[in-house]
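Colleague: pasting the sequence and the predicted model now:
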Amino acid sequence: MSTRIAFLKGHGTENDFVIVPDPDNALELSPAAVAALCDRRAGIGGDGLLHVVRSAAHPEVRHLAAEAEWFMDYRNGDGSIAEMCGNGVRVFARYLQRAGLVGEGDLAVATRGGVKTVHIAKAAAGGDITVGMGKALLPEGDVTVSVADRHWPARNVNMGNPHAVAFVDDLADAGDLYDPPPFSPAAAYPDGVNVEFVVDRGPRHVAMRVHERGSGETRSCGTGACAVAVAAARRDGADPAATGSPVTYTVDLPGGSLVITERPDGEIEMTGPAVIVAEGEIDAEWLETVNP
């Protein structure tokens, strides 16, 4: 293992990530190592880890190399693998731009949730990054989420990863969100679920809190914001596929705001900031001790 292992730290609306550039997929990052790196006291700290790999170098997505040069090998803060992370994709793209690997404009990023199209705006336009998040799937069936002795119906939305969206009277109803909110039926989410609690702020304007599967409550969740916007639109009687008109919602999260647009063809776009805040080196000897 190299004695010089670079890392960066970044966030998108305060959903923060450890970024580990590894173009040739030379690093073995076990779940224990990822969890140690994301530990906020004994490691670098983050809601998750962005492992930056060329698609051609990773067996899971080698078949996508012709479509997307780069693969976002995303891991949750507990070391588990996740299909997608919307804020993570924006930060991933910002890293590629900072490293001189891409410029302003459009690029494709491979994820376990498919290839995502990313647009990096000019700095003069605020530097926001827009991600094409694909289409939402709305599985049939009733879902319920719970906090203590309270229960709410939830909308089942899949954005490449699973979400349960519950509309509540007050965001405090979600409790502390340290532990995953119970849900039923268990068969709806065999691999766990991200749970969003949502309140209205105004016309096509909502606010949310989220428990991210494998990470706990986070300051922001991009796929969650998309799921919330779709659930809110359907609740409000808006379906772009039926009307032919796009629908846009502003979604406030503890770490900032994201703008979500669902187009008539079902494609969903998410726009928001992405910031790199630091860079440094991981101690290789320490990493070996936590990377069995």
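Modeller: Noted; the coordinates are in hand. Numbers count the residues shown, from 1 in each chain.
Colleague: report the contact partners of the residue lying closest to residue 70 once chain neighbours are set aside.
Modeller: Spatially, and ignoring its direct neighbours in sequence, residue 70 is nearest to residue 109 (5.7 Å; Cβ to Cβ, 6 or more residues apart in numbering). Bear in mind the C-beta positions are built from the backbone N, C-alpha and C, glycine included. Shown in contact with residue 109 (Cβ atoms under 8 Å, 6 or more residues apart in numbering): 68, 70, 71, 72, 89, 92, 93, 115, 116, 118.
Colleague: put the alpha carbons of the strand or helix carrying residue 109 into PDB.
Modeller: Assessed by DSSP states H and E, residue 109 sits inside strand 105-111. What follows is strand 105-111, C-alpha atoms only, in PDB (Å, rounded to 0.1, in the frame of the first residue of the first chain):
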ATOM      1  CA  GLY A 105     -20.500  21.800 -18.800                       C
ATOM      2  CA  ASP A 106     -21.900  18.200 -19.000                       C
ATOM      3  CA  LEU A 107     -20.400  14.900 -17.900                       C
ATOM      4  CA  ALA A 108     -21.600  11.400 -17.200                       C
ATOM      5  CA  VAL A 109     -20.900   9.700 -13.900                       C
ATOM      6  CA  ALA A 110     -21.400   6.000 -13.300                       C
ATOM      7  CA  THR A 111     -23.100   4.900 -10.100                       C
END
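Colleague: mind listing what that strand pairs with, with the direction of each?
Modeller: Strand pairing for strand 105-111, determined by DSSP bridges: strand 70-76 (parallel), strand 114-120 (antiparallel).
Colleague: how far off centre is the first one?
Modeller: How far strand 70-76 lies from its chain's middle: 10 Å, per Cα atoms, centre = their mean, to the nearest Å.
Colleague: again with the last one
Modeller: Its chain's C-alpha centre and that of strand 114-120 lie 13 Å apart, by Cα atoms, centre = their mean.
Colleague: show the average pLDDT along it.
Modeller: Per-residue pLDDT values over strand 114-120 give a mean of 95.
Colleague: quick one: closest of the strands paired with strand 105-111 to residue 103.
Modeller: With distances scored as Cβ to Cβ, the stretch of the strands paired with strand 105-111 nearest to residue 103 is strand 114-120 (7.6 Å).
Colleague: which residues are contacting that closest one?
Modeller: Defining contact as Cβ under 8 Å, 6+ apart, one finds that strand 114-120 is touched by 64, 67-68, 84, 89-90, 93-94, 97, 102-110, 127, 129-134, 160.
Colleague: if any of these are buried, put those into a ChimeraX selection.
Modeller: Of the contacts of strand 114-120, the buried ones go into a single ChimeraX selection, burial set by 16 or more other Cβ atoms under 10 Å:
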select :64,68,84,89,90,93,94,97,102,107,108,109,110,129,130,131,132,133,134,160
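Colleague: which members of the contacts of strand 114-120 occur in strands, if any?
Modeller: With strands defined by DSSP state E, the entries of the contacts of strand 114-120 inside them are 105, 106, 107, 108, 109, 110, 129, 130, 131, 132, 133, 134.
Colleague: without its sequence neighbours, what residue ends up closest to the first one?
Modeller: Right, the one you point to is residue 105. Spatial nearest neighbour of residue 105, excluding adjacent residues (Cβ to Cβ, 6+ apart): residue 120 at 6.4 Å.
Colleague: please report how far that neighbour lies from residue 273.
Modeller: 12 Å (Cβ to Cβ, to the nearest Å).
Colleague: overlap in contacts, those two.
Modeller: Joint contacts of residue 120 and residue 273 (Cβ under 8 Å, 6+ apart) are 127, 129.
Colleague: how much space between residue 208 and residue 219?
Modeller: Using Cβ to Cβ, residue 208 is found at 11 Å from residue 219.
Colleague: which stretches in the stretch 101-250 of the chain count as helices?
Modeller: With DSSP state H, counting those that start in this stretch as the criterion, the stretch 101-250 of the chain has helices at 222-235, 240-243.
Colleague: okay, domains of this structure per the record?
Modeller: Per automatic domain parsing, the structural domains of the chain span 4-128+274-290, 143-271.
Colleague: quick one: end-to-end length of the longest one, please.
Modeller: What that stands for is domain 4-128+274-290. 16 Å (Cα to Cα, to the nearest Å).
Colleague: same deal with stretch 4-19?
Modeller: Stretch 4-19 has an end-to-end distance of 14 Å (Cα to Cα).
Colleague: mind checking how far it is from the chain centre?
Modeller: On Cα atoms, centre = their mean, the centre of stretch 4-19 falls 13 Å from the chain's centre.
Colleague: buried residues in that stretch?
Modeller: Of all the residues in stretch 4-19, those buried under the rule 16+ other Cβ under 10 Å are 5, 7-19.
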